[in-house]
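> this one's structure only:
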């Protein structure tokens, strides 16, 4: 018995792990389905509640007309030593012990109403109740809402199907033991419990049949053929139950006294006397407990495998969302630096090509900058009319004699000034890309997701650094453009071919032949504009290469090298409380970690129980 007690006790612990905080989902669902359970099924007014109370030996279930059980009740019975006080505990109030079972009944009603409201609606969210008593056997039962055929006033039109679907969701599981409750004063062929049990368990190997209300059958009739398995055969024996009468319930007759009266009924009954040794609530409890222990032992290997799988999944999830943070300053600072390094790694992967994004910077230099340079208004600036204006203004009162030196310089300086716009636009375009990559990197850094405050501080520090890099980059590209204006490449002009000599007039060798298509002054000004344009094209080709180098050096390279340097300095100066504020986690994530940790602890404890008990 000690081994059986321990085996059923460890299953109780695993079931608590699966239903902790009312959660049957995730890794708990597959494990829950693998656990052997006893589901109590019956129609309304079939005596289902009376059977459960007889097994427990306590009057603790809500009573009334219509649907009273509106949520599944997971009832775990724990046998204690003789003389120990009986008490009950609810999972949703795990620190409170109920020694008054009338209060247990009230709490079941109140907890039902908390989910379903004060209506006749149902819910599949279970209530978990543990009862510790020397008068019970170790057993876990699931009390399900009673099957019904008609919706009454106050119930939804789908209530009949909703209840059936809920019952099926439990008893269809291959490891569920079905306790089918049928009243003896009704034809067994019309039993709701037997009908649904037959559908999910055609062979009857998982079904235990219980006949209630044997004492209420018409005189001259009995249920011997059913109890002996001749009328409807199951692989397990039928058990007859004599419930307390309504008068006994009204008088609050003690359940121990009721059990004694039940034994006397079978022992003195001329119809059932030969079956008395395997009739009654006490026998039913022992039968179910022994069978449950047998099933548990058969399922231990698969249970162990599923628990190990659940533990691995929980550990992996805890690793993903992060373990709890230590409380001392050094550990907090170390954690913050770890988060920063993780972010920095993701950010660099974006720039270096491990993740998408860095290619957009190349696109600025390969597409946007050349396109912007092509759109510069050099044709307008170097038109004959504008060249004439600039050259004339540069000469002042004394026209130039050979070449307009100052005019050339002013035209070149004015043209080069146009390069500042595309240069600054390249700086801003790369800046926007870097800011977007910072945002993406923070979102993609798994370790940071649990710390919204730290996310915000890293984002602010990174963007502040990018702003500094942008200003330095802007100053650098403007210097590059100004350098082109400050010192001209004279070799370009020295290598230019001189104007060809003008052909002389045959009739007058001292005069050149006139150009019928172009005035000599316009030709001279056009030549100046063409020379300047050639020089500007040379400068443009150089800037196409030097501007990207400057932007990468001042912005991209610095972002990779020192994006969070100032943040590291600031964090190093912070006190313990300030560091703790940075590690202020998302409350929803903290709650999730707490739930995972609780479930993991319960699973590990269940594994310890299996290791110490299962193989004895």
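The structure has been received and is ready for your questions. Predicted model only: the values in this text are computed from it and were never measured.

> Hmm, residue 45 is touching residue 146, no?
Yes - contact criterion Cβ atoms under 8 Å: residue 45 and residue 146 qualify, at 7.5 Å. Bear in mind the C-beta positions are built from the backbone N, C-alpha and C, glycine included.

> So the two - more neighbours on which side?
residue 146 (24 against 15; other Cβ atoms under 10 Å).

> Return the residues in contact with the more buried one.
Applying Cβ atoms under 8 Å, 6 or more residues apart in numbering to residue 146 gives the contacts 42, 43, 44, 45, 46, 48, 67, 68, 69, 163.

> In space, what's closest to the second one - neighbours in sequence excluded?
In other words, residue 43. Spatial nearest neighbour of residue 43, excluding adjacent residues (Cβ to Cβ, 6 or more residues apart in numbering): residue 192 at 3.8 Å.

> Provide a list of residues in contact with the one you found.
Applying Cβ under 8 Å, 6+ apart, the residues near residue 192 are 42, 43, 46, 147, 149.

> Dump those residues to a markdown table, plus secondary structure and neighbour count.
Shown next, in a markdown table, are the contacts of residue 192 (DSSP: H, G, I helix; E, B strand; the rest coil; neighbours: other Cβ atoms under 10 Å):
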| residue | secondary structure | neighbour count |
| --- | --- | --- |
| 42 | strand | 28 |
| 43 | strand | 21 |
| 46 | coil | 24 |
| 147 | strand | 21 |
| 149 | coil | 8 |
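
> Out of those residues, flag the one nearest to residue 415.
residue 147 (92.0 Å; Cβ to Cβ).

> Surely that closest one touches residue 193?
Yes - applying Cβ under 8 Å, one finds residue 147 in contact with residue 193, separated by 7.1 Å.

> can you list residues touching both of those two?
41, 42, 43.

> Same list (those residues) but as TSV, adding pLDDT.
Below are those laid out as TSV (pLDDT from 0 to 100):
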residue	pLDDT
41	94
42	91
43	88
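
> how does the chain divide into domains?
35-311, 329-497+518-585, 586-615 (the TED database).

> To residue 12, which of these lies closest?
Across the domains of the chain, residue 12 has its closest neighbour in domain 35-311 (4.7 Å, Cβ to Cβ).

> Could you pull out the helices in the stretch 301-450 of the chain for me?
Per DSSP state H, counting those that start in this stretch, the stretch 301-450 of the chain carries helices over the ranges 329-352, 358-363, 369-374, 378-381, 384-395, 405-417, 420-444.

> Please apply the same query to the stretch 1-150 of the chain.
Here the stretch 1-150 of the chain has its helices, by DSSP H, counting those that start in this stretch, at 2-19, 27-34, 48-56, 101-116.

> For the second one, what does the pLDDT average out to?
Here helix 27-34 scores 57 as its mean pLDDT.

> tell me the contacts of residue 178?
38, 39, 41, 171, 197, 200, 201, 206, 207, 208.

> As TSV, the residues you listed with neighbour count would be great.
What follows is the contacts of residue 178, written out as TSV (neighbours: other Cβ atoms under 10 Å):
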residue	neighbour count
38	21
39	22
41	31
171	25
197	25
200	18
201	20
206	23
207	22
208	23
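
> what's the closest of those to residue 275?
Nearest to residue 275 among the contacts of residue 178, with distances taken as Cβ to Cβ, is residue 208, at 15.3 Å.

> wait, doesn't the closest one sit right on residue 177?
Yes - proximity of residue 208 to residue 177 meets the contact threshold set by Cβ under 8 Å, at 6.7 Å.

> list residues touching both of those two?
Contact criterion Cβ under 8 Å, 6+ apart; residues shared by residue 208 and residue 177: 288, 291.

> Lowest average pLDDT across the helices of the stretch 1-150 of the chain?
helix 27-34 (a mean of 57).

> Burial check on the closest residue to residue 531 other than its chain neighbours, number of neighbours?
Closest residue to residue 531 apart from its sequence neighbours, by Cβ to Cβ, 6+ apart: residue 496 at 6.3 Å. Counted with other Cβ under 10 Å, residues neighbouring residue 496 total 13.

> between the strand or helix carrying residue 292 and helix 48-56, how many degrees?
Using DSSP states H and E, residue 292 maps to helix 281-321. Angle, helix 281-321 to helix 48-56, by axes from the mean of the first three to the mean of the last three Cα atoms, to 10 degrees: 90 degrees.

> can you give me the offset of helix 281-321 from its chain's centre?
26 Å (Cα atoms, centre = their mean, to the nearest Å).

> what are the ranges of the strands in the stretch 151-300 of the chain?
176-183, 207-212, 239-240 (DSSP state E, counting those that start in this stretch).

> How about the contacts made by residue 231?
Taking Cβ under 8 Å, 6+ apart as the test, what residue 231 contacts is 188, 225.

> Distance of it relative to residue 211?
11 Å (Cβ to Cβ, to the nearest Å).

> Show me the shaky parts of the stretch 51-200 of the chain.
64-67, 151-155 (pLDDT under 70).

> May I see the helices of the stretch 301-450 of the chain arranged in TSV, with mean pLDDT as well?
Formatted as TSV, those follow (pLDDT from 0 to 100):
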stretch	mean pLDDT
helix 329-352	90
helix 358-363	92
helix 369-374	91
helix 378-381	83
helix 384-395	82
helix 405-417	86
helix 420-444	95
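
> among those, which is nearest residue 283?
helix 329-352 (59.8 Å).

> I'd like to know which elements the closest one is packed against.
helix 358-363, helix 420-444, helix 452-486, helix 557-562, helix 565-572, helix 576-582 (3 or more Cβ pairs under 8 Å, 6 or more residues apart in numbering; DSSP states H and E).

> ok, the residue nearest to residue 229 when sequence neighbours are not counted - contacts?
Spatial nearest neighbour of residue 229, chain neighbours left out: residue 238 (6.3 Å); criterion: Cβ to Cβ, 6+ apart. Each residue near residue 238 by Cβ under 8 Å, 6+ apart is listed here: 209, 210, 211, 226, 227, 228, 229.

> now with 7 Å?
209, 211, 226, 227, 229 (Cβ atoms under 7 Å, 6 or more residues apart in numbering).

> what's the neighbour count on the fourth one?
For residue 227, the number of neighbouring residues by other Cβ under 10 Å comes to 22.

> Now the phi/psi pair for the nearest residue to it once chain neighbours are set aside, please.
Closest residue to residue 227 apart from its sequence neighbours, by Cβ to Cβ, 6+ apart: residue 238 at 4.7 Å. Backbone torsions for residue 238, taken as degrees, to the nearest 10, come to phi -70, psi 150.

> How about residue 174?
phi -60, psi -20.

> and it, how many neighbours does it have?
10.

> Distance check, it against residue 10.
Counting by Cβ to Cβ, the gap from residue 174 to residue 10 is 20 Å.

> can you tell me which residues contact residue 194?
With contacts defined as Cβ under 7 Å, 6+ apart, the neighbours of residue 194 are 180, 182, 188, 209, 232.

> how does it look with 6 Å?
180, 182 (Cβ atoms under 6 Å, 6 or more residues apart in numbering).

> what does residue 383 give?
Contacts of residue 383 (Cβ under 6 Å, 6+ apart): none.

> do residue 364 as well
Counting by Cβ under 6 Å, 6+ apart, residue 364 has contacts 426, 429, 430.

> Where does pLDDT dip in the stretch 451-600 of the chain?
497-519.
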